[in-house]
Each structure stands twice: as structure tokens, then as C-alpha cells.
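> here is a sequence together with a model predicted from it:
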Amino acid sequence: MRAHRRRNYSGVGSTRKVFSLYPCGGDWKLEAKAFESMLYNKADAIIHIPAPQYADPYSYEHILEVLRQYPKLPPILSVYGGTNYAGFHQIRFREWETGRKAALRHLECGCRKFGLITTRPANIFALELARGYRETLLENGIAPQNLVEVGLGSPILPDAYAPLRDVEGLWCSYYVIFILTSKFLLQVCDLSRMHVGTVFSDESTQSYLNLLPCTATSDSPRSFSGWFGSCVVHKFNLHDLGVRAAETAVRLSDAPDTPPGIDYIDFKTETYHYGD
């Protein structure tokens, strides 16, 4: 979705803020149309949640084509993954750094074969996490053939996991996706030797509980996260992210000349070990 705030005048000397939503559903054309509509209607600030894409690296060209038509732009705030375009304000996590730390941890654990599970399409949030993991492993001498990447679409086919056979270090773009893949990973990997990194939003807790698999065998740990050699989950709250985005957009609408900057949000990290 795309959101913007406009200032409407209601009576002499009074102002009020109006909040509008423009859902895009991951469609590039609708995303560009949303910007066109907001700029045409003279929005005082725009909140932009980047739509998922198949492109990697993430492309903003369809948006920039619209922005070039307007000499005067309102503050544009990109959230949930930020942006690779310097002209936008950003509220984001330290995605690349988080992926890097996961890779270094897996190297320290002695992992020799690595896997990346992402979704297709993917948003810039997931792409940056994966990029940090990938680049760090390659920079530390891991041969490309020892880093397997699996991009999952819909439906997820069982044979998609065959390339992950014997993987020891794994980054998965979302914890819920990781739960869905676990029964297939069980067929190609020794989970007790696997070290995992992933992310999880508080809002997906119910999905997590509904999807949580039963114990694999009578000898397995009771906790799903305890099936693995280790599992580090980076948690965040989408509601808190939305609140901060709305507050920032209002502030920027009153100070439109504020230079673009980045407001970072920290993950809450939980670590599990085999048998927990």
C-alpha cells in the first residue's frame, strides 16, 4: 500500500490532515500511478512501502519516471526496507548488516555449505538481508558453488529444496516460510547440524502457531526452533513501524525542506540451540 497525508483547509485559519491509501498489490504500474495521483493532488508527504519485485537489484525506474515530471516534490518516506534512491527519507532496519552478522556467525560455527531461501517476488527488505549474507560469505572465501540460493514462488514445489542437500548454514527470508520448508529440509539435511538465521514479525505470530509442525520424531526437541544446531530469529513489530512512519510523515509535512535521512529500527534477537 501507499499512503500520503494532505493538508486541507476548513475555515479561516484552520488546517487539518487527511490520510489517504492507495493499494498497489505489488503491481509496478499501479505503484507508479499511485505516485502520479499523489503528486497531482499536491500531497504534503508520501509514505512509500516498496512493492515486491522479481528484479534484483531492486528497481525504482518506474517511480523515477513519474518524479521527473514534477519539479517540486513533497517529502517521500520509504519504509520497510528503505530504498536505494538517495532522495527519499527512510525508516528501515539494518538489513545488510543483519545478513552479514548471520553469515559471520555461521562461519564461526564451522559451516562449509550454505543456503539462501528467499521468496519470488521479494521486497527490498528481504533482498538486502540476503545480499548481506551472500556478499559476506563470498568476501570470506566461500566458493560460489558452496552457496545455494533457492527462490520460492507459489506454489512451493517439494523438489525446489533438492539443491539445499547437506546445507549447514542457512538464511531464510521469513520465519513463517522457514516453517513451511522444514519438512522438506528434513529430507535433505541433518537439522541438528544446521545453523539458521531468519526474521519474524510479531503480527505473524498466529500464522506461526497455526503452521508450527509437530515433533519430527519421538527423540526430537519439543520446540521447533530447537530442532536445529542453532536458530537466531530477528523480530520486529509492523505496528510500531507504521506508527513511526505516520509520525514522521506528519513532521515532514510541516518541515518539507528537511534533508533526507535514515531512521534505523533495531531488531529484537532471540537465539535457540538444539534441544531447547
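Happy to help now that I have it. Residues are numbered from 1 along each chain as shown.
> quick one: the strands in the stretch 151-276 of the chain?
Here the stretch 151-276 of the chain has its strands, by DSSP state E, counting those that start in this stretch, at 169-172, 195-201, 230-236, 262-265, 268-273.
> pick the most deeply packed of the ones you listed.
Neighbour counts (mean count of other Cβ atoms under 10 Å) averaged over each of the strands of the stretch 151-276 of the chain peak at strand 169-172, with a mean of 28. Any C-beta I mention is one placed from the backbone N, CA and C, and that applies to glycine too.
> quick one: contacts of that one?
99, 102-103, 106-107, 109, 111, 113-117, 129-130, 133, 164, 178, 181, 185, 194-198 (Cβ atoms under 8 Å, 6 or more residues apart in numbering).
> now stretch 33-45
2, 4-7, 20, 22, 24, 46, 48, 63, 66-67, 69-70, 73-77, 249-250, 252-253, 256.
> quick one on the thing from earlier: out of the strands of the stretch 151-276 of the chain, flag the one nearest residue 152.
Residue 152 lies closest to strand 169-172 among these, at 9.6 Å (Cβ to Cβ).
> show the average pLDDT along that closest one.
Averaged over strand 169-172, pLDDT sits at 97.
> numbering from 8 from now on, please.
Sure thing, new numbering starts at 8, so read that last one as strand 176-179.
> quick one: it to chain centroid distance?
Strand 176-179 has its C-alpha centroid displaced from the chain centroid by 15 Å (Cα atoms, centre = their mean, to the nearest Å).
> tell me which strands that strand pairs with, and in which orientation.
Sheet pairing for strand 176-179, assigned by DSSP bridges, gives strand 121-126 (parallel), strand 202-208 (parallel).
> mind putting those strands into CSV with distance to residue 275?
Shown next, in CSV, are those (distance: least, Cβ to Cβ, whole Å):
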stretch, distance to residue 275
strand 121-126, 22
strand 202-208, 9
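> could you dump those into a markdown table with mean pLDDT added?
Formatted as a markdown table, the strands paired with strand 176-179 follow (pLDDT from 0 to 100):
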| stretch | mean pLDDT |
| --- | --- |
| strand 121-126 | 94 |
| strand 202-208 | 95 |
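> right, and those - which one's nearest residue 160?
By Cβ to Cβ (comparing all of the strands paired with strand 176-179), the closest turns out to be strand 121-126, at 7.6 Å.
> just the CA trace of that closest one, in PDB.
Extracted in PDB, the C-alpha atoms of strand 121-126 (Å, rounded to 0.1, in the frame of the first residue of the first chain):
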ATOM      1  CA  PHE A 121      25.400 -22.500   2.800                       C
ATOM      2  CA  GLY A 122      21.900 -21.900   1.600                       C
ATOM      3  CA  LEU A 123      19.700 -18.800   1.000                       C
ATOM      4  CA  ILE A 124      15.900 -19.200   0.800                       C
ATOM      5  CA  THR A 125      14.000 -16.200  -0.500                       C
ATOM      6  CA  THR A 126      10.600 -15.600  -2.000                       C
END
